[in-house]
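Colleague: quick one: sequence and predicted model below, then my questions.
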Amino acid sequence: LALAHGWSGPALAQFPPCTHITCSSVASSARTRVLRLQSGGVYAGPRSSPLLDSVSSPKDMKAFSLTELKQLAHELRWETINAVSKTGGHLGSSLGVVELTVALHYVFDAPADPIIWDVSHQVYPHKILTGRRSRMHTLRQAGGLSGFAKRSESEYDAFGAGHSTTSISAGLGMAVAHELKGMKRNTVAVIGDGAITGGMAYEAMNNAAYLNSRVIVVYNDNGQVSLPTGTPSAGGTVPAGSLSAYTSRLIASKDFQNFRDIAKSISKLFPAEIQQANAKIDEYARGLVTGGTLFEELGFYYIGPVDGHDLDNLVPILENVRDRGGNRPVLLHIKTEKGYGYPPAEAASDKYHGVPKFEVSSGRKFTTPSRTPSYTAVFSDTLIDIAATDRSVVAITAAMPGGTGIDKFGRRYPKRTFDVGIAEQHAVTFAAGLAVEGIKPFCAIYSTFLQRAYDQVVHDCAIQKLPVRFILDRAGLVGNDGPTHHGSFDLAYLGCIPNLVICAPSDELELRNMVQTIYEIDHMPSALRYPRGSALGIEKLNDLFGYNMEQLPEKAEALPVGKGRVIMQAHVGAAQRVAILSLGTRLAPSVVAARALTVRDPTIGVTVADARWMKPIDTELVGRLAAEHDVLITVEEGSIGGFGDHVLHFLALNGYLDDGNLKVRPMVLPDTYIEAGSQQEQYEEAGLSHRFIEATALKLLGRSTVPSSA
């Protein structure tokens, strides 16, 4: 084993002397150093990490030999596995870039040389090497480390992320800034084959060659474009897009390039006299590094493909790129494996992209099966039922089939499923084109990601009244992924668009009915938003909303557009009357708050209403609540500028506030970014839990004050 992996001295000292050990998977000379104990059949890493223990910042790595860098990568991989096993998080992508992370921090002088990670869900090894190892147990927890790169967290996080396809543009901006300031720096942008499907990457590459700026793009090609890759769709089960097929052909058409090959070719980037000295060997090398690739046509000097797990070649290649002459942008194409080095991740369809806490020895995930389906599953099942009777129904996702439930739809109707890659702008206009021809597209995109296609929603759908049905999953606060993934703004940014209807279900039955409703809306675009997480279940539905049913109806029913409903009516003769008007899944805590108010003081009468629709607003319901109550509170899982503002606008324009007898309070997400934590913690911090709703009513009645945030 030691000979196979090139270990000696301190690298061997970490292992017990008498254990039967085999290498679990060996596919190349640089293959994984995972150990599987034959006796117990468990996965385990080194007992100690002497080299990693000596690294508190990247400068501590600079004197390491290549052999020591390999050992460091081995220790770093297992440190990452062990850390994520305790917190959950994005494991697969981090494991795939362990060697790259070690190489980049060894070769370049971060933070002076900025290293920018696209999306940045792969930054856990980077965080460990840059002084945050001791805090990894707080990853994605309240008050802990972010799951993404975050500028306020470390000077080594050159550019924050969470969404994709931003790294090359940001890196180009930094490179140009260095030139303007007379600084000779290297700027590195690491982008994956999923992120590079987004159009912004090509806008940046097109501009980089024009500006002739010293930017290095590391194209991390791991064959995992969508989550999960392999979902049946109209394009088959291969990764979405022609680019992935193109780079696969590049890799298949020639062997991995080693340092000796690339050193011959890279002389093209050095001054003329050096080029002339190396002319003969360079002629040979250009036959290996094919000219005329897509990237070279965009003006980049293309190098690759290179095995991204082979430090023997990766380090000297990066050193040569670092030391090149001139300012021509370079693209280094590396091939990696997501989940590399941990067999349970390598074997999983999603490569352990995002995992809960898990048992390291077996890979078994610690999950508690929910007694109720997720809202995502309720949507998916309902859409499948509708599509069974209408062949014009299609589903579109932007590289998130698993997260949106479109993977399930795709297994049933692959030819009517379209995964466009990480290309939300294209997804929306593609859906608009389908709608022109009478197809009924359901465009399922996370609320936070639809922000990237705002102009397409307005220009291509709403102005033309094209009936694209937008499904906004992850609306509201999402939990551990934090501010980059919250669906905080959709009610505000969609609510101001004419020719668009917007609805938000309070529960799973309402969700099913709203999917049916927007299916039947065929004269304008519509938006249906719902949160991450599990549905309420029959018991809670009956208790909170008085449904009195044993199971959900088999068939969904369309709801009247623009009409809300009253869930709980204030009792006759109440001395003070409060109305709580909720949009979305804050209805359940609104009912809990209302019950608590009446228990606290039976003279308080509380009406709870479910608005259902933000556009068109139920003006009849709002007017009645305003006329019959002393206090009106609106509650929503969105930012300022959303549903509550539309209600206030209506009340003001129609004179309901003129006599000063009605007290109105909109309860919205605070005007700040709420950091990672559980959803329950976040709604407490936001002041939108049942106790805050109750306290707001009491304050307006002159009874008490709003509690401080938890």
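Modeller: In hand now; what should we look at? Residues are numbered from 1 along each chain as shown.
Colleague: every contact and neighbour count from this point should use C-alpha atoms.
Modeller: OK.
Colleague: you'd agree Arg577 is in a strand?
Modeller: Yes - assessed by DSSP: H, G, I helix; E, B strand; the rest coil, Arg577 belongs to a strand.
Colleague: now do the contacts for it.
Modeller: By C-alpha atoms under 8 Å, 6 or more residues apart in numbering, the contact list for Arg577 reads 570, 604-607, 628-631.
Colleague: could you do Ser85 as well?
Modeller: Contacts here follow C-alpha under 8 Å, 6+ apart; on that basis Ser85 touches 356-360.
Colleague: looking at this, it is in a helix?
Modeller: Yes - with three-state DSSP as the criterion, Ser85 is part of a helix.
Colleague: relative to Ala204, how far out is it?
Modeller: Separation of Ser85 from Ala204 (C-alpha to C-alpha, to the nearest Å): 37 Å.
Colleague: show me where the stretch 401-550 of the chain has its strands.
Modeller: Here the stretch 401-550 of the chain has its strands, by DSSP state E, counting those that start in this stretch, at 417-419, 440-446, 469-473, 501-503, 526-529.
Colleague: need the winner for burial among the ones you listed.
Modeller: strand 417-419 (a mean of 28; mean count of other C-alpha atoms under 10 Å).
Colleague: tell me what that one is packed against?
Modeller: On a contact count with 3 or more C-alpha pairs under 8 Å, 6 or more residues apart in numbering; DSSP states H and E, strand 417-419 meets strand 393-397, helix 406-412.
Colleague: deepest of these, which one?
Modeller: Ranked by mean neighbour count, those are led by strand 393-397 with a mean of 26 (mean count of other C-alpha under 10 Å).
Colleague: returning to what we had before: out of the strands of the stretch 401-550 of the chain, flag the one nearest Phe148.
Modeller: Nearest to Phe148 among the strands of the stretch 401-550 of the chain is strand 440-446; the distance by C-alpha to C-alpha comes to 17.7 Å.
Colleague: pLDDT on the closest one, on average?
Modeller: What strand 440-446 shows for mean pLDDT is 98.
Colleague: over to stretch 381-392?
Modeller: Mean predicted lDDT for stretch 381-392 stands at 98.
Colleague: what about that stretch, how long is it end to end?
Modeller: Terminal-residue distance, stretch 381-392 (C-alpha to C-alpha): 17 Å.
Colleague: what comes up buried for that stretch?
Modeller: Buried positions in stretch 381-392, judged by neighbour count with 16 or more other C-alpha atoms under 10 Å: 381-384, 386-387.
Colleague: got the residues you listed as CSV, with secondary structure and distance to Tyr547 columns?
Modeller: Output for the buried residues of stretch 381-392, formatted as CSV (DSSP: H, G, I helix; E, B strand; the rest coil; distance: C-alpha to C-alpha, whole Å):
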residue, secondary structure, distance to Tyr547
Asp381, helix, 21
Thr382, helix, 20
Leu383, helix, 23
Ile384, helix, 25
Ile386, helix, 24
Ala387, helix, 27
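Colleague: could you dump these to JSON lines with distance to Pro498?
Modeller: Supplementary listing: the buried residues of stretch 381-392 in JSON lines, determined by distance: C-alpha to C-alpha, whole Å:
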{"residue": "Asp381", "distance to Pro498": "30"}
{"residue": "Thr382", "distance to Pro498": "28"}
{"residue": "Leu383", "distance to Pro498": "26"}
{"residue": "Ile384", "distance to Pro498": "30"}
{"residue": "Ile386", "distance to Pro498": "27"}
{"residue": "Ala387", "distance to Pro498": "28"}
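Colleague: where along the stretch 101-250 of the chain do the strands fall?
Modeller: 115-117, 187-192, 215-221.
Colleague: show residues contacting the second one.
Modeller: In other words, strand 187-192. Against strand 187-192 from outside (C-alpha under 8 Å, 6+ apart): 113-118, 165, 167-168, 171-172, 174-175, 214-222.
Colleague: picking that back up, select, from the buried residues of stretch 381-392, the two members most distant in space.
Modeller: Using C-alpha to C-alpha, the pair of these lying farthest apart is Asp381 and Ala387, separated by 9.9 Å.
Colleague: and the helices in the stretch 201-350 of the chain?
Modeller: Counting by DSSP state H, counting those that start in this stretch, the stretch 201-350 of the chain has these helices, from start to end: 242-253, 259-265, 272-277, 279-286, 294-297, 311-322, 343-347.
Colleague: output the below-cut-off pLDDT ranges for this protein.
Modeller: Scanning the chain for pLDDT under 70 picks out the ranges 1-41, 225-231, 235-292, 705-710.
Colleague: okay, now stretch 661-677: how far is its last residue from its first?
Modeller: 40 Å.
Colleague: which of the contacts of Ser85 ranks first by neighbour count?
Modeller: For those, counting by other C-alpha atoms under 10 Å, the largest number of neighbours falls to Val360: 21 neighbours.
Colleague: so how far is Ala44 from it?
Modeller: 7 Å.
Colleague: Gly479 too?
Modeller: Taking C-alpha to C-alpha as the measure, Gly479 falls 30 Å from Ala44.
Colleague: between these two, which has more neighbouring residues?
Modeller: Set Gly479 next to Ala44 and count neighbours by other C-alpha under 10 Å: Gly479 wins out with 25 against 17.
Colleague: quick check, Asp522 in contact with Lys465.
Modeller: No - at 9.2 Å, Asp522 does not count as touching Lys465 under the criterion of C-alpha atoms under 8 Å.
Colleague: which of those two has more residues huddled nearby?
Modeller: Neighbours were counted for Asp522 and for Lys465 using other C-alpha under 10 Å; Lys465 has more, 21 against 16.
Colleague: now do the same contact list for the more buried one.
Modeller: Listed by C-alpha under 8 Å, 6+ apart, the contact partners of Lys465 are 499-500, 523-525.
Colleague: could you flag which of the residues you listed are buried?
Modeller: Those of these that meet the buried threshold are 499-500, 524-525, by 16+ other C-alpha under 10 Å.
Colleague: still on that earlier bit, quick one: which of the strands of the stretch 401-550 of the chain is nearest Tyr673?
Modeller: Across those, closest to Tyr673 is strand 440-446 (C-alpha to C-alpha), at 17.6 Å.
Colleague: show me what that closest one is packed against.
Modeller: Strand 440-446 packs on strand 393-397, helix 401-404, helix 424-436, strand 469-473, going by 3+ C-alpha pairs under 8 Å, 6+ apart.
Colleague: how about the ones you listed in CSV, adding distance to Tyr342?
Modeller: Shown next, in CSV, are these (distance: least, C-alpha to C-alpha, whole Å):
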stretch, distance to Tyr342
strand 393-397, 29
helix 401-404, 22
helix 424-436, 32
strand 469-473, 31
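Colleague: for Arg322, which of the ones you listed is the nearest?
Modeller: Closest of these to Arg322 is helix 424-436, at 34.3 Å (criterion: C-alpha to C-alpha).
Colleague: how far off centre is that closest one?
Modeller: Relative to its chain's centre, helix 424-436 lies at 22 Å (C-alpha atoms, centre = their mean, to the nearest Å).
Colleague: do stretch 603-615 as well
Modeller: How far stretch 603-615 lies from its chain's middle: 33 Å, per C-alpha atoms, centre = their mean.
Colleague: kindly report the same for stretch 130-145.
Modeller: Relative to its chain's centre, stretch 130-145 lies at 19 Å (C-alpha atoms, centre = their mean).
Colleague: what sits up against stretch 480-487?
Modeller: Residues outside stretch 480-487 that contact it (C-alpha under 8 Å, 6+ apart): 140-141, 146-147, 161-163, 446-448, 474-479, 638, 673-679.
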